[in-house]
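Trainee: 3D, please:
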Amino acid sequence: MGQRRLGLLVPVSLLVLAGCSSGSQPHTQTPSTSASSPSKTTSSPTSAKVDPAAQPAVDAYLKFTEAVNTAERKPRQLGQAIDPAADYGKYSFDPVRGQENAYFLYLWKQGWVRRGTPPTPHPQVVRTDLAAKPYPTVVLTNCSSPSPDWENNYYDVKSGQAVPDPYATRTPLTTNVQVIYYEDHWGVYKIDHLTDQPCAG
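Mentor: Purely as a prediction, here's the structure:
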């Protein structure tokens, strides 16, 4: 998942529509931790090794990213059945889920898709707080490997021609991700692209 929503202007009416149809609201209940997830707060340096307590949250983020990338290849129409491989809703909560719903509705209305090889995410754990209220939280940072053939263009379904993405960035940006435990599973809650923090390397 690249920078494709950083500056994309989605009509307000679509955001409202998507938000109304986006499922559970994590603001209204307090999730419970599972028996296998003891309440504790840990911090992890930015390394390849992941705190075992945070691994389910990292896995949820990776599955969310994969599902979003799959959905970008063929945005579904309103009322169309969801391809299980593109069901990012299983791995997300509002507000992210509603934002994604609006984004894909916009792509479908424009007749645009993505092609090529998606960027490879490299999430690292910043903070793990299983005792956080109202829901256990894992904070990640991500710098995906650049993939110009995916990030720089959309493609018009009818003409097959590339539609340059005016918001594509030359250098991938660092992304902060909040993943929460709610309704007995982990899901992406918030994503922030840090416009002042390009990825190193």
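
Trainee: which other helices and strands contact whichever helix in the chain runs longest?
Mentor: In the chain, assigned by DSSP state H, the helix with the most residues is helix 55-73. Of the remaining helices and strands, those touching helix 55-73 by 3 or more CB pairs under 8 Å, 6 or more residues apart in numbering; DSSP states H and E are helix 96-110, strand 123-129, strand 137-142, strand 173-182, strand 185-198. All C-beta atoms are positioned from the backbone trio N, CA, C, and that covers glycine.

Trainee: in the chain, what secondary structure element scores lowest on mean pLDDT?
Mentor: Here the helix or strand of the chain ranked lowest by mean pLDDT, DSSP states H and E is helix 12-20, holding a mean of 35.

Trainee: residue contacts, Leu78?
Mentor: Counting by CB atoms under 8 Å, 6 or more residues apart in numbering, Leu78 touches Leu105, Trp108.

Trainee: next, the angle strand 137-142 makes with the longest helix of the chain.
Mentor: Angle of helix 55-73 versus strand 137-142, following axes from the mean of the first three to the mean of the last three CA atoms, to 10 degrees, is 50 degrees.

Trainee: would you list the helices and strands packed on helix 55-73 in TSV and tack on mean neighbour count and distance to Pro166?
Mentor: Listed next are the helices and strands packed on helix 55-73 as TSV, based on neighbours: other CB atoms under 10 Å; distance: least, CB to CB, whole Å:
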stretch	mean neighbour count	distance to Pro166
helix 96-110	21	13
strand 123-129	20	27
strand 137-142	22	23
strand 173-182	22	16
strand 185-198	17	15
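
Trainee: let me know the secondary structure of the residue lying farthest from the centre of the chain.
Mentor: Ranked by distance from the centre of the chain (CA atoms, centre = their mean), the top residue is Ser159, with 28.6 Å. Three-state secondary structure (criterion: DSSP: H, G, I helix; E, B strand; the rest coil) places Ser159 in coil.
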